[in-house]
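A.B. asks: Quick one, fold the following:
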Amino acid sequence: MGDLKSEIINLLKSTNRKGIEDLIKYMEEHKYFRKPASINHHSNFDGGLAHHSYKVYQNYTKLNQENEAGIPENSIIITAFLHDLCKLDDYIEGPGQKPSDKQLEYLELLLSRQNKTLANELDKLGKSQVSDLISWLKNNPDKPEPEFEISWDYNPSKNIPLNHAEKSIIMASRFIKLNMREILAIRYHMGSWDESLNYKDYNKANQLYPDIKLIAIADELATFQENWVETEN
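C.D. replies: You can find the predicted model right below:
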């Protein structure tokens, strides 16, 4: 992640956009380079947001070149790395899916039988973590308690109750000025997957800039490419 983080920061700085340093600082403080791109779907791992955004940047750059679309490099960088900025507000560290009462009761029974206490707080553990602890107590109780990777959950108290893309635009605009092609590209980057899509507006945006179609393709490709890798493995 270190090299990827440095590359993303350098790309953002290369735009020379006024306020970009403050935006990068905000991104770091709000864990842009640690948060996932989703909770249950693509890039749902620690650092997934940065990973996914970089794949979008690579695909977007390639599509721009192949189609001779003429999208400025600065706009490609801004759109690719900020299109999912909303997720800094959407996700928080958390246990993920809650364990069942039966699962917790069984874990507590095993702990009592073996006279063990947990380093982790029981009420902060998710279903998969409780399963790992049960497996540890049943199969390897003499080994140290397993350590857990960071898990992520939805933020129950979102600070900005707007839809996905609009929130990203507003959050980015607090620090830098977005031009119209960047605003529209971020707004419509989900293409037909956007449940709130107004097709009349979407078609008009498509007529104005090639960015609209290409960023949606780049975003979908980034998602599918990760799924292909998982399938092959």
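
A.B. asks: C-alpha from now on. contacts and neighbour counts both.
C.D. replies: Will do.

A.B. asks: what's near enough to touch Ser75?
C.D. replies: Counting by CA atoms under 8 Å, 6 or more residues apart in numbering, Ser75 touches Arg181, Glu182.

A.B. asks: what helix or strand is it on?
C.D. replies: Ser75 belongs to helix 73-82 when assigned by DSSP states H and E.

A.B. asks: And the next helix or strand past that helix?
C.D. replies: Next element after helix 73-82 (DSSP H and E): helix 87-90.

A.B. asks: still on that earlier bit, okay, buried residues for the helix holding Ser75 please.
C.D. replies: By neighbour count on 16 or more other CA atoms under 10 Å, the buried set for helix 73-82 is Asn74, Ser75, Ile76, Ile77, Ile78, Thr79, Ala80, Phe81, Leu82.

A.B. asks: unless I'm mixing things up, the third one is touching Val56, no?
C.D. replies: Which is Ile76. No - with contact defined as CA atoms under 8 Å, Ile76 does not reach Val56; the gap is 9.4 Å.

A.B. asks: picking that back up, widest-spaced pair of the buried residues of helix 73-82?
C.D. replies: Within the buried residues of helix 73-82, Asn74 and Leu82 form the most distant pair, 12.0 Å apart (CA to CA).

A.B. asks: Next, the angle helix 73-82 makes with the helix ranked longest in the chain.
C.D. replies: For the chain, the helix that runs over the most residues, judged by DSSP state H, is helix 211-232. If you take axes from the mean of the first three to the mean of the last three CA atoms, to 10 degrees, helix 211-232 sits at 50 degrees to helix 73-82.

A.B. asks: Please, where are all the strands along the chain?
C.D. replies: 91-93, 152-154 (DSSP state E).

A.B. asks: mean confidence for the first one?
C.D. replies: Confidence for strand 91-93, expressed as mean pLDDT, is 84.
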